[in-house]
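Participant: Predicted coordinates and the sequence they were generated for:
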Amino acid sequence: MLKKIVLTGAAGRLGGYLRKPLAAKCAALISTDIARMEDPLIKGESFVQADLADYAKMAEIIKGADMVVHFGGHPDEKPFEDILHANIIGCYNIWQAAHEAGVRRIVYASSIHAVGLHPKTTAINIHTPHRPDSYYGLAKCFAEDMAKLYWDKKGLEAVCLRILSCANVTNSRALGSWLSYDDLIHLVERAVDTPTTGFAVIYGVSNNDRSPVDNSGASFLGYRPRDNAEQFAEDILANAPAPDPRDPDQMMHGGPFATTDLGESGVAKLGLSPDDN
Ligand SMILES: NC(=O)c1ccc[n+]([C@@H]2O[C@H](COP(=O)([O-])OP(=O)(O)OC[C@H]3O[C@@H](n4cnc5c(N)ncnc54)[C@H](O)[C@@H]3O)[C@@H](O)[C@H]2O)c1
């Protein structure tokens, strides 16, 4: 069992699913977020409200941790200043503070939007070059490169989870991109449990028949997703808009982020149900 895990973004949607399974893996789970934690704390968990961009605060929270599970930050495209604050400076603070504290590994919520402008008809893999579709995706590229730098120069391990779409299946893109909450938990558990990872990238996607990504290069992590979005295909396709191969939103890995302007929300175009947004 680990001594201490720090979970950032703990008051957020995905963080909320991770608190219990992570608390079970360590003597002390320190959950943190800029927002207040509305849900009751669980056994072994404490909460610190803090801004990722505040280095001194992050360094204090991370001191003594074995691992940081970094899910905090904006999950959507925003004006550059917002992305800079939470997703770029915030990530730098996490990596530098983790290095200073002698943390073993960071498990990071990266995103498909780091490679969002590759066409979906080409299966991309863990070696596919960065091709961001937004400032948001660009910040994920920065964090992945920083993770590589801190592994190469400082020996700080990192597992970058390029999550596709961890939300209810409400559109035809999600038939390929869906990551169920159970598979998210399994993925994060594997990223924490695997004895040695070095620097690793893996796509966060369920075992969908229509998955557009190839995770075979990261099989050593033992991530074997069980859920499959095909169960929703009939209903979703019956109500889907007319297929249009000239529409980048339908053709690119990043979906609607392909055509949203820099600084404007891509998530707003996804048509997620209220409990997922
Ligand atoms: N949901 C998905 O499908 C998906 C897909 C790809 C990647 N991701 C990544 O997963 C992570 C979690 O996403 P989510 O859907 O749970 O989003 P969310 O918005 O529900 O959670 C993110 C949390 O980060 C916190 N946060 C924002 N700015 C902060 C700051 N400056 N300091 C401290 N905390 C701050 C927010 O208060 C929020 O609670 C994000 O990094 C996102 O980019 C999510």
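Facilitator: Great, that's in hand. Numbering: from 1, shown residues only.
Participant: Please name the residues that touch the residue nearest to residue 43 when sequence neighbours are not counted.
Facilitator: Leaving aside its chain neighbours, residue 43 sits nearest to residue 23 (6.6 Å; criterion: C-beta to C-beta, 6 or more residues apart in numbering). In short, each C-beta sits where N, CA and C put it, glycine included. By C-beta atoms under 8 Å, 6 or more residues apart in numbering, residue 23 lies in contact with 29, 42-45.
Participant: Around the ligand, pick out the residues from this structure.
Facilitator: Contact residues, the chain versus the ligand (C-beta under 6 Å from any ligand atom): 9, 11-15, 33-35, 51-53, 71-75, 86, 90, 109, 111, 163, 165-167.
Participant: buried subset of those?
Facilitator: Neighbour-count burial (16 or more other C-beta atoms under 10 Å) is assigned, among those, to 9, 11-12, 14-15, 33-34, 51-53, 71-75, 86, 90, 109, 111, 163, 165-167.
Participant: The residues you listed in strands, which ones?
Facilitator: Using DSSP state E, the members of those that fall in strands are 33, 109, 111, 163.
Participant: Among those residues, which one sits closest to residue 61?
Facilitator: residue 33 (11.0 Å; C-beta to C-beta).
Participant: Quick check: the closest one vs residue 95, distance?
Facilitator: Note on residue 33: its distance to residue 95, by C-beta to C-beta, to the nearest Å, is 19 Å.
Participant: again, but for residue 232
Facilitator: 37 Å.
Participant: Give me the more crowded residue out of those two.
Facilitator: residue 95 (22 against 18; other C-beta atoms under 10 Å).
Participant: where does the more buried one fall, helix, sheet strand or coil?
Facilitator: helix (DSSP: H, G, I helix; E, B strand; the rest coil).
Participant: Tell me who's in contact with it.
Facilitator: Contacts of residue 95 by C-beta under 8 Å, 6+ apart are 106, 143, 146-147, 150, 156.
Participant: top of the residues you listed by neighbour count?
Facilitator: residue 106 (29 neighbours).
Participant: Next, the buried residues of stretch 50-70.
Facilitator: 50-53, 55, 57-59, 61-62, 65-70.
Participant: Quick check, the residue in the chain closest to the ligand?
Facilitator: residue 12 (2.0 Å; C-beta to the nearest ligand atom).
Participant: Could you list the low-pLDDT ranges of this structure?
Facilitator: 271-277 (pLDDT under 70).
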